[in-house]
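Okay, sequence plus prediction incoming.
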Amino acid sequence: MFRRLPEALSAARVVRLVVDGEAVEAREGDSLAAALLAAGRVACRTTPVGGAPRAPYCMMGVCFECLVSVDGMGSRQACLVEVREGMRVETQRGARELGR
Amino acid sequence: MRRDEADFAVVGGGLVGTAVAWGLARLGRRVLVLDEGDVAHRASRGNFALVWVQSKGMGMPRYATWTRLSSDSWAGFAAELARETGVDVRFERPGGFSLALGEAELEKRVAQIRRLHNQPEMVVDNGFEVVDRARLDAMLPGLGPEVAGGVYCPFDGHANSLKLLRALNEGLRIAGATCLSSCTVDAIAPVAGGFRIDHRGGVAMAGRVVLAAGIGNARLAPMVGLRAEVRPQRGQVLVTERLQPFLRHPVVTVRQTDEGSVMLGDSQEEAGLDETVGTPVIATIAERATRMFPLLGRANVVRSWAALRVMTKDGFPIYERSAAHPGAFLVTCHSGVTLAAAHALHLAPMLDAGALPADFAPFGARRFDVPATA
Ligand SMILES: Cc1cc2nc3c(=O)[nH]c(=O)nc-3n(C[C@H](O)[C@H](O)[C@H](O)COP(=O)(O)OP(=O)(O)OC[C@H]3O[C@@H](n4cnc5c(N)ncnc54)[C@H](O)[C@@H]3O)c2cc1C
Ligand code: FES
């Protein structure tokens, strides 16, 4: 669905993440939300009440649709987190568990 | 300008007014509810939603009995509301706790509750238990190291108070009552056969009138020969994001709602009509909550608010019939969620019968006439 611009592809270094246990490639400087979209992992969570899938939406920190767990900390806004080598990301199913 | 006629006019559409009004409507009375509208200071929209028994009644044992009766009536009340309106107000009574941070707090808390229960006129046994840390750990998850113990009462519970307000409004509509919003009452005049009520939307005639206007009662009561010395008392509340269920029992300042969010509360501040939220108070609320449940420190807070309680001088309710105009009643309390079942199922029939029973004397406003001694 989303494709990187050729300029962006050639310029930036590859950063490797682990998303739900699988290796995913991102580019240095990506926000985590952008990296997930670019990798085709569009649905990043499901809603607590209806269980409906959700994807990053505003990409600027206001809609809270992009919540994921980052390195064991739940409900992080993926659009406000920059990717790092080795980052462990988990999509969130329903409400967050306390302490995760 | 509209004209309405009713058997009962209830002034105030908060939890107290709607519970009484619904109780009257289910007895077949023609009921008119007059409310100021969404501009109002309204405790019913900002409360903590506990149905709370354990701390109630120090200085007035009758209040402990009344509170317990309400708690015992709550399941039937919620079931009837669900049946009539389709709204599940999510009442649960798993038993509740108050927790002490440190030994000193625990001693104080236990002494208070013993004093409450050792009052000579205390006829009801509210089954409280002092719970030590080892037993607490079996009942509550992830307690912080400072939690020394707590007090448990099997009759404590909670509900969703916004759904309760909605269910009561829906129940009133279904029962054929008239609920008018943006109709602040300006004047009430006793006339032959009842009362004439002038409000912003028109005029109403009612055989009887029930004042349930929260802090608005102070202004209205003298119009029908009653006195309502009530003042606002601010309380602040924090709410977290929705979380997987982890806390089955409500704690007096921390409870997980039916929808998963965790409410942290609630302060008691004398601040007049000021409804603003202040960082020092909410910081204290958050700090105490995370000392009780350290993992809460990782949860995101999504909202905070302040709301105004309706307080009498001694903190107890006032239920009173006007001596000068016996069709007029005053109803006010500070725990309108807890007492909603009693108001709907027990108080409303008394108002319908036209008199309060003799054992309601302790709730009368005359108690304030006794000069306070040092
Ligand atoms: C922070 C906080 C926490 C609380 N926690 C709990 C709890 O855990 N458990 C519990 O049982 N209780 C709790 N309470 C108390 C509970 O919310 C109140 O007891 C209850 O909501 C009071 O209801 P009420 O109808 O008397 O008042 P309100 O909700 O204040 O309603 C009064 C109504 O009267 C109307 N009114 C006023 N003047 C006029 C007029 N002149 N004409 C027409 N209408 C008028 C207003 O529009 C308003 O709707 C809490 C309160 C607060 C603030
Ligand atoms: S996409 Fe809207 S907050 Fe992240």
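The structure has been received and is ready for your questions. Ligands and ions are numbered 1, 2, ... in the order given.

From here on, just use CA atoms for contacts and neighbour counts.
OK.

List phi and psi for the closest residue to A:M1 other than its chain neighbours.
Leaving aside its chain neighbours, A:M1 sits nearest to A:G40 (6.9 Å; criterion: CA to CA, 6 or more residues apart in numbering or on different chains). Phi and psi for A:G40, reported as degrees, to the nearest 10, are phi 80, psi 10.

B:T257 contacts B:V251, correct?
No - B:T257 is beyond contact range of B:V251, at 11.6 Å (criterion: CA atoms under 8 Å).

Mean confidence (pLDDT) on stretch B:42-54, please.
Mean pLDDT, computed over stretch B:42-54, is 93.

Other residues contacting that stretch?
By CA atoms under 8 Å, 6 or more residues apart in numbering or on different chains, the residues outside stretch B:42-54 that reach it are B:14-15, B:64, B:67-68, B:71, B:96, B:113, B:126, B:128, B:152-153, B:155-162, B:165, B:214, B:237, B:250, B:252, B:263, B:265-266, B:305-310, B:336-339.

Please narrow those residues to those residing in helices.
Secondary structure from DSSP state H places B:L15, B:A64, B:T67, B:R68, B:S71, B:I113, B:S161, B:L162, B:L165 of those in helices.

show me the contacts for the fifth one.
Contact criterion CA under 8 Å, 6+ apart gives B:V51, B:W52, B:V53, B:F155, B:D156, B:G157, B:T338, B:L339, B:A341 as the residues in contact with B:S71.

Then the last one?
By CA under 8 Å, 6+ apart, the contact set of B:L165 is B:G14, B:L15, B:T18, B:S44.

distance of B:T338 from B:D156?
Relative to B:D156, B:T338 is positioned 9 Å away (CA to CA, to the nearest Å).

What's the first helix or strand after the lowest-mean-pLDDT helix or strand in chain A?
One helix or strand of chain A scores below all others by mean pLDDT, DSSP states H and E: helix A:6-11, with a mean of 78. Helices and strands here follow DSSP states H and E; after helix A:6-11, the next one along the chain is strand A:14-19.

Do me a favour and average the pLDDT over that following strand.
Rounded mean pLDDT across strand A:14-19 is 97.

Residue 70: what's its closest spatial neighbour, skipping adjacent residues?
All of this refers to chain A. A:V89 (4.7 Å).

um, chain B though
Leaving aside its chain neighbours, B:S70 sits nearest to B:A342 (4.5 Å; criterion: CA to CA, 6+ apart).

same deal with A:Y57?
Using CA to CA, 6+ apart, the nearest residue to A:Y57 is A:E65, at 6.3 Å.

for that neighbour, what are its contacts?
Each residue near A:E65 by CA under 8 Å, 6+ apart is listed here: A:R45, A:R54, A:A55, A:P56, A:Y57, A:Q77.

one step back: which ones among the contacts of B:S71 lie within strands?
Residues of these located in strands (DSSP state E): B:V51, B:G157.

Relative to ligand 1, how far out is B:L140?
With distances taken as CA to the nearest ligand atom, to the nearest Å, B:L140 is found 19 Å from ligand 1.

Just list the residues touching that residue, thanks.
By CA under 8 Å, 6+ apart, the contact set of B:L140 is B:L247, B:R248, B:H249.

can you pull the contacts of the residue of chain B positioned farthest from its centre?
Residue farthest from the centre of chain B, counting by CA atoms, centre = their mean, is B:A192 at 34.0 Å. Taking CA under 8 Å, 6+ apart as the contact definition, B:A192 lies against nothing.

And for B:F91?
Contacts of B:F91 (CA under 8 Å, 6+ apart): B:W74, B:A75, B:A78, B:G157, B:H158, B:A159, B:N160.

Next, the contact list for the fourth one, please.
So the one you mean is B:G157. So B:G157 contacts B:L50, B:V51, B:W52, B:S71, B:F91, B:E92, B:R93, B:P94, B:G95, B:G96, B:H249, B:P250 (CA under 8 Å, 6+ apart).
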